[in-house]
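[1] next one to model:
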Amino acid sequence: MIPGPRNLITDVPGLRVGNAEDHSLKSGCTVVTADQPFTASAHVMGGAPGTRETDLLAPDKSVSEIDALVLSGGSAFGLEAASGVVDALRATGRGYPVGRARVPIVPAAILFDLLNGGDKEWHQNPYPALGRTAFETASEDFVFGTAGAGTGALTAMLKGGLGSASLRLPDGTTVGALAAANPLGAVTTPGDRYFYAAPFEIDGEFGGLGPDPASGLGRDLTSRKHAAFFDRANTTIAVVATNAHLTKPQCHRVAVAAHDGIARACVPAHTPGDGDLVFALSTGKSAQTTPTQDISLIGHAASLCLSRAIARAVYEAMPAPGDLLPCWKDLNA
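    Down below sits the predicted model:
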């Protein structure tokens, strides 16, 4: 398995990603969409999720395809980013047909970034406009690091962010991941230099330092973020994608497997104070579904991509006025 040409989730053919952010707000949102509806499911392993329309993605629910996915900052306020995307989709005639009406289906998940030093004294919720902008600017190439849903993200010790990565399987199938990394846990080992995801790094994509040579890791849970404010200002939310033809139940299994990537990159992960959620989508349109053994490989590749995406999010984060935590590059120049 090797990365795709962009090493982004948009190496999956047909996908586009758009970001919108407000740096004074220290927040933003990210939209994943395509020209055609796609199959998707989701799995939550955090204890404090914030979601919209994710019940529709359960394998037994009737909606088979959706139009876009939204990752957003802003806690509950950020769920309204999906409203902006719905409006933009409706304007283009997209949506689930119900008689003469069309209803765009846009599930969303949020992270908590309300206490990160940004100006949150708005008079009108900014997230619908951010969502619409992100959708309307979506493309195959996009900025990550301090961008989109990762603009105001914080890990336990360092500034978080938005990251992405991809892999191409031996049979030509592409798998990609996109993550907004704002976990309760740390993404780096004690000392802020080495990434927990280092064993999965490819071609120095987040610094090339290799794994921490220390042993006994995982016992030091020091957190600059926890010292600054309470322990529920967290969550890693992600999208994993493939061009393999997957059913909704198969997408659900890939989402479950992809959560291993969060656990490999964030220590601890899936805590009561995180809302960890992974969406999994398939753009595949072939008539033949994917065999079970291939689902295992796709899920494994998704977990590897997700670990790398989380590390890349922190590695690419950039400083901004009013930051509460340092960036990795500030400490490791």
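
[2] for the rest of this, base every contact and every neighbour count on C-alpha atoms.
    Will do.

[3] Ala309: how many residues sit nearby?
    37 (other CA atoms under 10 Å).

[4] what's near enough to touch it?
    162-165, 177-179 (CA atoms under 8 Å, 6 or more residues apart in numbering).

[5] repeat that with 10 Å
    Shown in contact with Ala309 (CA atoms under 10 Å, 6 or more residues apart in numbering): 7-9, 144-145, 161-166, 176-181, 197, 201, 205-206, 238, 261-262, 265, 303, 315.

[6] got it, and Leu178?
    Leu178 makes contact with 8-10, 17, 30, 32, 71, 144, 162-166, 237-241, 278-279, 305-310, 313 under the criterion CA under 10 Å, 6+ apart.

[7] now Arg94
    So Arg94 contacts 35-37, 66-67, 86-88, 102-105 (CA under 10 Å, 6+ apart).

[8] and the contacts of the worst-scoring helix or strand of the chain on mean pLDDT?
    Least confident helix or strand of the chain, by mean pLDDT, DSSP states H and E, is helix 224-228 with a mean of 81. For helix 224-228, the external contacting residues (CA under 10 Å, 6+ apart) are 115-116, 154-159, 183-186, 231-234, 324-326.

[9] tell me what whichever strand or helix holds Phe279 is packed against?
    Element membership for Phe279, per DSSP states H and E: strand 277-282. Secondary-structure packing of strand 277-282 (3 or more CA pairs under 10 Å, 6 or more residues apart in numbering; DSSP states H and E): strand 27-44, strand 66-72, strand 108-110, strand 174-181, strand 236-242, helix 248-265, helix 292-315.

[10] just the buried positions in stretch 254-261, please.
    254-261 (16 or more other CA atoms under 10 Å).

[11] so who does Ala109 touch?
    So Ala109 contacts 49-54, 69-73, 75-76, 78-79, 81-82, 235-238, 275-279 (CA under 10 Å, 6+ apart).

[12] skip the chain neighbours and tell me the closest residue to it.
    Spatial nearest neighbour of Ala109, chain neighbours left out: Thr51 (4.4 Å); criterion: CA to CA, 6 or more residues apart in numbering.

[13] ends of stretch 5-13, how far apart?
    12 Å (CA to CA, to the nearest Å).

[14] may I see the buried residues of that stretch?
    Here stretch 5-13 shows 7-13 as buried, counting by 16+ other CA under 10 Å.

[15] skipping adjacent residues, who's closest to Ala326 in space?
    Not quite, residue 326 is Pro, not Ala. Pro326's closest residue in space is Leu158 (CA to CA, 6+ apart), at 5.4 Å.

[16] what's near enough to touch that neighbour?
    182, 186-188, 192, 223-225, 314-315, 317, 324-331.

[17] and these, which of them are buried?
    Buried by 16+ other CA under 10 Å: 182, 186-188, 192, 223-225, 314-315, 317, 324-329, out of those.
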